[in-house]
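Colleague: Build the 3D model from these lines:
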Amino acid sequence: MFYLIFYFLTQEQVIFSQTTYITYDESTFRSFQIKNKGFYCFNNMGRTQDIKFRDSFQNIPNVILIPELYDIPGSRANYNLKITEITLTKFSLSITCTEGMVYGIYLKWLAIDDARVQVINQFNIQNFEKKTFDHINSNAQKYFISVISFSFSGPVSFKVQVTEITTKNLTITITDPQNLITNLIKLSYQIILGIDEIFNQYDLLQINSPFVSQHFPLIEKSWFIIPINGFYYDAVDRMKFKKIYHSDQSFQWFELITDCCCIPVGYHVPQWMKFQHITDMKPYEISQIKIKQIIDSRIDYINSFQILFEGKAEKITSLGEIMQIIDKTENDITLNIHTLCNENEQLKINLNIPLINFPNPYILKCLDSFQEIVYSITLLPASIAFQELIFKISESECKISQLLFNYQQNVVELFSIQKLSIQSDQT
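Modeller: The predicted model follows:
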């Protein structure tokens with residue numbers, strides 16, 4: 001004898017069983033402050049502390065740090081401050097003071113899991129020469145710099161600036177407005193890049209005294225931040241300032257305060273940074289396909305496929321995978337794919353982006369009289385942006401895909417052309 005037992009779950013129970021993840025989080029870290037029991041930062045002492053997120057991320061998030069308070073006495077200070085680890089549920093901050101003292105540093109932190117945002121960390125660097133960094137998203141052309149900490153042996157001035165940005169990299173230059181960079185010992189900063197929609201930035205503010213800002217209109221699903229990209233500090237007065245935020249139903253504003261002589265000159269860039277409801281980028285659409293069968297080919301084939309960009313000198317002939325960035329000014333592009341057609345072969349084109357009235361897949365047999373088949377495929381962009389195409393070519397297949405940066409980075413296959421023997425399955 002046996003029994004069959006059935007369990008029925010309600011819709012609410014099924015939803016409850018699914019794992020949910022956060023995509024953003026933020027707070028202000030205040031533990032590196034002498035008022036907190038047990039915090040001492042001098043004579044090679046310091047602290048490492050974990051900061052927990054409110055829940056788990058699905059992917060390791062980017063963590064952005066923005067100073068909210070500095071309290072450093074004396075004319076010299078040499079200390080290390082850095083993120084030592086980021087996991088799905090927390091990140092760790094470490095500070096160690098080798099010379100002088102740090103009374104306190106408050107840091108606003110932002111955590112975001114979105115492939116359209118990239119963070120480049122430069123912690124405790126001692127070389128201040130011009131430097132070039134690669135970035136992964138050709139459309140991440142907007143950015144800000146956040147100076148997190150700096151060590152000094154006397155009066156110091158510096159500004160961290162992006163002097164050039166392309167679809168593949170950007171160049172950072174550290175300038176010295178007062179010719180005092182020789183007193184700069186170490187510097188920690190982050191470069192935060194994203195697509196245009198993410199950032200709404202205002203004019204640079206040079207602030208050197210207690211200050212109340214203008215009122216900035218609220219923007220939904222966005223963080224209001226005031227990163228700093230440089231300082232001038234005379235090393236005479238105690239370096240101390242604090243940001244205080246205010247808001248009402250329509251506006252956000254801030255002030256800088258101090259309880260000592262004056263505020264060191266800082267270069268602040270107020271802005272909003274969007275963390276939700278960011279427009280997704282869509283793949284190319286196929287608007288037209290033309291097919292020509294050529295008897296007398298004029299192509300000098302090295303491999304089975306050659307790809308020519310119509311109206312341009314560019315062509316792809318080598319085997320392997322090649323990435324090509326299409327400029328955002330291109331309204332459409334036509335790819336002429338020349339395919340060597342041998343006896344007892346057939347060509348099959350598969351469209352993953354459907355085209356009305358075009359059979360999919362579509363198969364052509366290579367007859368004795370034809371040496372070549374040319375597919376002219378016109379692609380239309382869904383938005384005005386740089387488009388990143390991936391060409392993957394082997395002797396038997398040419399596959400065209402597109403790399404998209406949305407919440408997650410993903411590759412969408414547009415179409416492929418396969419060479420098959422006549423005996424191969426045609427499905």
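
Colleague: And for residue 230, the neighbour number?
Modeller: 23 (other C-beta atoms under 10 Å). C-betas here are computed from N, CA, C, even on glycine.

Colleague: How is this structure divided into domains?
Modeller: 11-274, 285-421 (automatic domain parsing).

Colleague: Make a markdown table out of the ones you listed and add mean pLDDT.
Modeller: Shown next, in a markdown table, are the domains of the chain (pLDDT from 0 to 100):
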| stretch | mean pLDDT |
| --- | --- |
| domain 11-274 | 92 |
| domain 285-421 | 90 |
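
Colleague: how near is residue 192 to residue 379?
Modeller: Residue 192 is 32 Å from residue 379, where distance means C-beta to C-beta, to the nearest Å.

Colleague: Then residue 341?
Modeller: In terms of C-beta to C-beta, residue 341 sits 24 Å off from residue 379.

Colleague: for residue 178, same thing?
Modeller: Applying C-beta to C-beta to residue 178 and residue 379 gives a distance of 52 Å.

Colleague: what residue lies at the spatial centre of the chain?
Modeller: For the chain, the residue nearest the mean C-alpha position is residue 118 (2.5 Å; C-alpha atoms, centre = their mean).

Colleague: name the element the closest residue to it other than its chain neighbours belongs to?
Modeller: Excluding the flanking residues, the one nearest residue 118 by C-beta to C-beta, 6 or more residues apart in numbering is residue 193, at 4.6 Å. Secondary structure assignment for residue 193, by DSSP states H and E: strand 184-194.

Colleague: circling back to that earlier point, can you give me every residue that contacts the residue nearest to residue 118?
Modeller: 117, 118, 119, 120, 135, 137, 140, 141, 142, 143, 170 (C-beta atoms under 8 Å, 6 or more residues apart in numbering).

Colleague: That one pairs with what?
Modeller: Note on residue 193: beta-bridge partners by DSSP bridges are residue 118, residue 143.

Colleague: Ok, residue 244 next?
Modeller: residue 255.

Colleague: just checking, it touches residue 254?
Modeller: Yes: contact status for residue 244 versus residue 254: in contact at 6.5 Å, counting by C-beta atoms under 8 Å.

Colleague: list residues touching both of these two?
Modeller: With the criterion set as C-beta under 8 Å, 6+ apart, the contacts of residue 244 and residue 254 do not overlap.

Colleague: So those two - more neighbours on which side?
Modeller: A direct count of neighbours by other C-beta under 10 Å for residue 244 and residue 254 places residue 254 higher, at 20 against 12.

Colleague: Touching, the more buried one and residue 243? I think so.
Modeller: Yes: counting by C-beta under 8 Å, residue 243 is a contact partner of residue 254 at 5.6 Å.

Colleague: list the residues that contact both of these two?
Modeller: By C-beta under 8 Å, 6+ apart, the residues touching both residue 254 and residue 243 are residue 226.

Colleague: Confirm residue 182 sits in a helix?
Modeller: Yes: per DSSP: H, G, I helix; E, B strand; the rest coil, residue 182 lies within a helix segment.

Colleague: Spit out the contact partners of it.
Modeller: With C-beta under 8 Å, 6+ apart, residue 182 has no contacts at all.

Colleague: I'd say residue 335 and residue 415 touch.
Modeller: No: the pair residue 335 and residue 415 fails to qualify as a contact (C-beta under 8 Å) at a distance of 9.6 Å.

Colleague: overlap in contacts of those two?
Modeller: Common neighbours of residue 335 and residue 415 (C-beta under 8 Å, 6+ apart) are 377, 400.

Colleague: higher neighbour count, the two?
Modeller: Legend: neighbour count by other C-beta under 10 Å for residue 335 and residue 415, higher for residue 415 (24 against 20).

Colleague: Which strand or helix spans the more buried one?
Modeller: strand 409-421.

Colleague: Can you spell out which helices and strands pack onto that strand?
Modeller: Under the contact criterion of 3 or more C-beta pairs under 8 Å, 6 or more residues apart in numbering; DSSP states H and E, strand 409-421 touches strand 333-340, strand 345-351, strand 372-380, strand 397-405.

Colleague: Out of those, which is closest to residue 294?
Modeller: Taking C-beta to C-beta, strand 372-380 is the member of the helices and strands packed on strand 409-421 nearest to residue 294, at 4.3 Å.
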